[in-house]
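**Student:** Need a 3D model of the following:
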Amino acid sequence: MLTRFLVIILLFCLNLSYGQQIPAREENGERLRHLAMLMERENRFDMAANYYIRALEVNRQDMASYMGAKRCLLNMGDLDKLEQLVVKLQKEKRDVQYSSDLAEIKYQRGYHKEAISHWKTLLDDHPKNHRVYHLVGNAYIEHRLFDLAVETFIKARETFESNQLFLFQLADIYALREEYDKMSQEYLSYLEANPNQYHFIESRFLNAATSDHAFNRIVNYLEDRKTWKNLKRYQLLSSLYIQAQAYDKALAALIPVEDSLKGDKQNGRLLFELARTASSDKEYEIAKRTFELLVERYEDSPFKIRAHFGLAEIHEHQENFELAISAFQDFIDQHSNSVEAIKAQMRIGDLWLEKKFNVRKAADAYDKVIQNWRQTTLRAQAELKLASCFTIQGEFKKAEQIYHRILEETPPPQLVSTNQAVYELGLLDFYQGRIHNAKARFEQIVAKPSIEKSDNPVNDAIELLMLLTENSQDSLALVDYGQARWKIRSRDYVAADSILDSASENATSLQENIWLLKSQLYDQTRQYTKGIAVLQKIVDLESAMYADLALKRQAEFYEKLGDFERAMDLLEQFLEKYPSSIYIESARRQIRTLRQVI
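**Tutor:** Predicted coordinates for the structure are as follows:
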């Protein structure tokens, strides 16, 4: 709004300046046209038209100003003034543009037959003027006179003996009239003459094939064009099938293309992209077949290694975690010198830790990264994850040594936030009851937040610093709370539950946090009914600090139990009771999701 106001003030000031009686020859045509454009953008068509016309008075050859004046006068519906301008200009210089515009004025006034007759006469009078066909054909398109437009463009092709003339205008008309065979023929004709424009033509086909009817007509036409030996036909078919998620047909269409590219550095790229797209749509079987085909049929393809890696990823996506681990190990054995080998080793560690929770095997995997790929930028990430394994196992000294080593490196390791190491050291202090030390670590992060994007734990540090500061009088309960957090991280849920029960007996200000942590424990163990019950204790408190979070989390638990109506009821209560909550947007998103299933 402010920008619009400033533009209006500028226009007013400029208008005062130009409003003086300056002789036309002294005026600056370019500045007049610029001012006209500003006014046109503000929909001040009357003033814009006047400035365009004044720019024309400075330079009669300024067609940009003429077209601007015409555009504004048509927007205003001031056909009389436009006609006066055109007649005046035509007296000084005859131009087919002016003649075509006189026909346009007739059409705008409702004299359609006379206007069409005028345009046809213009074509008859200038049969060898390419510009006339352009003007008249586009005028017909503007008024949806498609038959006349096609007739005009075809006549131009015959006159100039070129089937490439007005190709895109004709293709657009055929698409509008759902004559997809003719549209496709135009595009293939252009592609045959301009093979380097494949991606442009591909986008045209994909934009046209947005309905089932259009898709079927276009695909049938391309399938029937077997005499057109250009392999781009298969590639176009594949792209259309991919857009329609018909991945098996896309695969069949791509095989001739990839066969023709054997030995080329791009061989395998299209199959690899198809497999990745299918995998992202959870069509894992066709993705697997495509990767396997690439690996087995195109041995020299530069995408073979990545396809082999993709096969292991599919096992992971299908939650066949042990098969995935085996596949990643097989990949490492075959491609130990590849860039992807270290990524495979990291994935093995992540799968053991996050999916199978075999901490010992995860630690072994991360240690292999550190030992075998010392120069890689991922080494520091592997060190952080190895330290996390030591933390889970209760080997705190080993974890601390790694974090200190990361902090002592100069320069700091790439792809790793040094704040992450400080944060983890703070957690280790918290787990072991060293509350003062933990606060100092978190204060260090908050006082000097890192600008690095990777794993930057500033928000988590702020949250824990507030927890420790606001509940300092609950020192014994804080020690238990910290130990319970470690037990949850170690997935020793029974011990964590017992410790939190003990902490709850002595807690005062920390009580709500204890109940929230218990609800997190019950969430991780899928004991949603227990989670709802413990959260109800917070909801029932008169001055609860976390009542909004507790109510929202209860709704989440009911949703996980399949009681969508109860979840929706609690979320509606949440919106009514806590309209200023920081969780309001999250609650609204949850409501939108529930409405799709209720």
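**Student:** Relative to its centre, which residue of the protein is most distant?
**Tutor:** When each C-alpha in the chain is compared with the mean C-alpha position (Cα atoms, centre = their mean), residue 91 comes out farthest, at 55.4 Å.
**Student:** Please tell me how far it sits from residue 544.
**Tutor:** Spatial separation of residue 91 from residue 544 under the definition Cβ to Cβ, to the nearest Å is 85 Å. Any C-beta I mention is one placed from the backbone N, CA and C, and that applies to glycine too.
**Student:** List the buried residues in stretch 386-398.
**Tutor:** Within stretch 386-398, the residues that qualify as buried by neighbour count (16 or more other Cβ atoms under 10 Å) are 386, 387, 388, 389, 390, 391, 392, 396.
**Student:** Among those residues, which ones are in helices?
**Tutor:** When DSSP state H is applied, the buried residues of stretch 386-398 are split such that 386, 387, 388, 389, 390, 391, 392, 396 fall in helices.
**Student:** quick one, what contacts the third one?
**Tutor:** Yep, that's residue 388 we're talking about. 353, 399, 424 (Cβ atoms under 8 Å, 6 or more residues apart in numbering).
**Student:** Same check on the first one?
**Tutor:** For residue 386, the contact set (Cβ under 8 Å, 6+ apart) comprises 363, 366, 367, 370, 402.
**Student:** Please apply the same query to residue 432.
**Tutor:** For residue 432, the residues meeting the contact criterion (Cβ under 8 Å, 6+ apart) are 396, 482.
**Student:** Got the phi and psi for it?
**Tutor:** Backbone geometry at residue 432, expressed as degrees, to the nearest 10, gives phi -100, psi 10.
**Student:** What is the nearest of the contacts of residue 386 to residue 248?
**Tutor:** Nearest to residue 248 among the contacts of residue 386: residue 366, at 39.2 Å, using Cβ to Cβ.
**Student:** Go ahead and confirm that closest one touches residue 390.
**Tutor:** No: here residue 366 lies out of contact with residue 390, judged by Cβ atoms under 8 Å, at a distance of 10.2 Å.
**Student:** thinking again about what came up before, for the ones in helices among the buried residues of stretch 386-398, could you give me a markdown table that also reports distance to residue 115 and pLDDT?
**Tutor:** Converted to a markdown table, those look like this (distance: Cβ to Cβ, whole Å; pLDDT from 0 to 100):
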| residue | distance to residue 115 | pLDDT |
| --- | --- | --- |
| 386 | 80 | 97 |
| 387 | 80 | 97 |
| 388 | 78 | 97 |
| 389 | 81 | 98 |
| 390 | 85 | 98 |
| 391 | 82 | 98 |
| 392 | 82 | 98 |
| 396 | 88 | 98 |
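**Student:** Output these in CSV, with distance to residue 267 appended to each entry.
**Tutor:** Putting these into CSV (distance: Cβ to Cβ, whole Å) gives the following:
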residue, distance to residue 267
386, 39
387, 43
388, 41
389, 41
390, 46
391, 47
392, 45
396, 52
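**Student:** nearest to residue 145, of the residues you listed?
**Tutor:** Comparing every one of those with residue 145 (Cβ to Cβ), the shortest separation belongs to residue 388, at 71.0 Å.
**Student:** And that closest one, how close does it get to residue 515?
**Tutor:** Using Cβ to Cβ, one gets 27 Å for the distance from residue 388 to residue 515.
**Student:** next one: residue 402
**Tutor:** Look at residue 402 and residue 515: by Cβ to Cβ, they are 34 Å apart.
**Student:** Those two: which is more packed in?
**Tutor:** residue 515 (24 against 21; other Cβ atoms under 10 Å).
**Student:** Next up, identify which helix or strand the more buried one is on.
**Tutor:** The secondary structure element spanning residue 515 is helix 511-524 (assigned by DSSP states H and E).
**Student:** what separates stretch 563-578 from the chain centre, distance-wise?
**Tutor:** The gap between where stretch 563-578 is centred and where its chain is centred comes out at 31 Å by Cα atoms, centre = their mean, to the nearest Å.
**Student:** brain fart, stretch 586-598
**Tutor:** When distances are taken as Cα atoms, centre = their mean, stretch 586-598 is centred 22 Å away from the chain's centroid.
**Student:** mean confidence for stretch 548-565?
**Tutor:** Mean pLDDT, computed over stretch 548-565, is 98.
**Student:** go on, stretch 325-337?
**Tutor:** Averaged across stretch 325-337, pLDDT comes to 96.
**Student:** can you check stretch 238-246 too?
**Tutor:** Mean pLDDT, computed over stretch 238-246, is 97.
**Student:** do stretch 479-486 as well
**Tutor:** On average, the pLDDT along stretch 479-486 is 98.
**Student:** Contacts for it, please.
**Tutor:** Applying Cβ under 8 Å, 6+ apart, the contact partners of stretch 479-486 are 391, 427, 430-433, 435, 438, 496, 499-500, 502-503, 506, 510, 513-514, 517.
**Student:** Which ChimeraX command selects the buried ones in those residues?
**Tutor:** What follows is the ChimeraX syntax selecting those of the contacts of stretch 479-486 that are buried according to 16+ other Cβ under 10 Å:
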select :391,427,430,431,433,435,438,496,499,500,502,503,510,513,514,517
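**Student:** Could you pull up the contacting residues of residue 550?
**Tutor:** Taking Cβ under 8 Å, 6+ apart as the criterion, residue 550 is in contact with 515, 516, 519, 535, 536, 538, 539, 544.
**Student:** which stretches of this protein form strands?
**Tutor:** For the chain, strands defined by DSSP state E do not occur.
**Student:** Can you tell me which residue sits nearest the middle of it?
**Tutor:** The structure's the chain has its C-alpha centroid closest to residue 280; by Cα atoms, centre = their mean the separation is 13.9 Å.
**Student:** gap between that one and residue 46?
**Tutor:** Distance, residue 280 to residue 46, by Cβ to Cβ: 53 Å.
**Student:** ditto for residue 513
**Tutor:** The span separating residue 513 from residue 46 equals 67 Å under the rule Cβ to Cβ.
**Student:** Same question for residue 498.
**Tutor:** Remark: distance between residue 498 and residue 46 (Cβ to Cβ) = 81 Å.
**Student:** how close does residue 285 sit to residue 436?
**Tutor:** Computed with Cβ to Cβ, the distance linking residue 285 and residue 436 is 57 Å.
**Student:** and what of residue 403?
**Tutor:** The gap separating residue 403 from residue 436 is 18 Å, by Cβ to Cβ.
**Student:** Which one of those two is surrounded by more residues?
**Tutor:** Between residue 403 and residue 436, counted using other Cβ under 10 Å, the more crowded position is residue 403 (23 against 9).
**Student:** So in this protein, where's the weakest helix or strand by average pLDDT?
**Tutor:** Comparing every helix and strand of the chain by mean pLDDT, DSSP states H and E singles out helix 2-18 as the least confident one, with a mean of 44.
**Student:** Show me the contacts of residue 386 that map onto helices.
**Tutor:** For the contacts of residue 386, membership in helices holds for 363, 366, 367, 370, 402, with DSSP H as the criterion.
**Student:** out of these, which is most surrounded?
**Tutor:** If you count neighbours using other Cβ under 10 Å, the busiest of the ones in helices among the contacts of residue 386 is residue 366, which has 27 neighbours.
**Student:** Show the contacting residues for that one.
**Tutor:** Taking Cβ under 8 Å, 6+ apart as the criterion, residue 366 is in contact with 346, 349, 382, 383, 385, 386, 389.
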